[in-house]
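J.: Return a 3D structure for these sequence lines:
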Amino acid sequence: MNRNIIFSIFTVSLAIVFGSCHAQKTNATEAKSMKLSNEWAFQGFFNDGKLVVDQSKSIELTISPDEKFFTGNTGCNGMRGPIMVEANGKIKIGPVENGRKHCPNSEAEKKLLEALDCVTDYKIEGAILKLYCNEKSVMQFESYKN
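T.: Residues are numbered from 1 along each chain as shown. As a prediction, the model looks like this:
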């Protein structure tokens, strides 16, 4: 009788451990997928591998829940366009459509649009989205919704 009780406790314990491991793996996969479709605030461009923080905080990027479209603001004009996301971290943004009003800092807007056009990969670390061009870090965003 004691063996049956011990065996039952052991079996239930194993079921709980393996069941929770599977649930954690599934939730982690779902979380990564959900995180890309988010509202992102621009943090800055990378220059020689170092992040140069943008103080204006006016550049925004919102990726749709289906991860097929984005909208945002260049800091002066609105922008939008399609995105293609692959499971291996590859991403294609654009072509980007944007407004054409005259901006006081049009060079910054031009740099942003060129960088978005070049993006080939992304990586999410916590609440941070890093965008890469041919494996080189180009810009970084932070989630509004941590």
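J.: Asp117 falls within a strand, correct?
T.: No. Checked against DSSP: H, G, I helix; E, B strand; the rest coil, Asp117 lies outside a strand; its state is helix.
J.: I figured it hits Glu97, correct?
T.: No. Using C-beta atoms under 8 Å, Asp117 is not in contact with Glu97; the gap is 12.0 Å. For glycine as for every other residue, the C-beta is placed from the backbone atoms N, C-alpha and C.
J.: so where's the protein uncertain?
T.: 1-34, 146 (pLDDT under 70).
J.: all strands in it, in order from the N-terminus.
T.: Using DSSP state E, the strands found in the chain span residues 39-47, 50-53, 60-63, 69-73, 78-85, 91-93, 97-98, 121-125, 128-133, 136-143.
J.: Serialize those strands to CSV and add fields for distance to Lys111 and mean neighbour count.
T.: Below are the strands of the chain laid out as CSV (distance: least, C-beta to C-beta, whole Å; neighbours: other C-beta atoms under 10 Å):
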stretch, distance to Lys111, mean neighbour count
strand 39-47, 7, 17
strand 50-53, 11, 12
strand 60-63, 15, 20
strand 69-73, 15, 18
strand 78-85, 13, 16
strand 91-93, 15, 17
strand 97-98, 13, 15
strand 121-125, 18, 14
strand 128-133, 12, 19
strand 136-143, 9, 19
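J.: In TSV, list the ones you listed along with distance to Leu112.
T.: Below are the strands of the chain laid out as TSV (distance: least, C-beta to C-beta, whole Å):
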stretch	distance to Leu112
strand 39-47	8
strand 50-53	13
strand 60-63	10
strand 69-73	9
strand 78-85	8
strand 91-93	11
strand 97-98	9
strand 121-125	16
strand 128-133	11
strand 136-143	8
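J.: Minimum distance to Lys110: which of those strands has it?
T.: strand 97-98 (10.4 Å; C-beta to C-beta).
J.: so what's Asn73 bridging to?
T.: Note on Asn73: beta-bridge partners Glu60, Gly78, judged by DSSP bridges.
J.: sorry, back to before: which residues are common contacts for Asp117 and Glu97?
T.: Here Asp117 and Glu97 share no contacting residue, scored by C-beta atoms under 8 Å, 6 or more residues apart in numbering.
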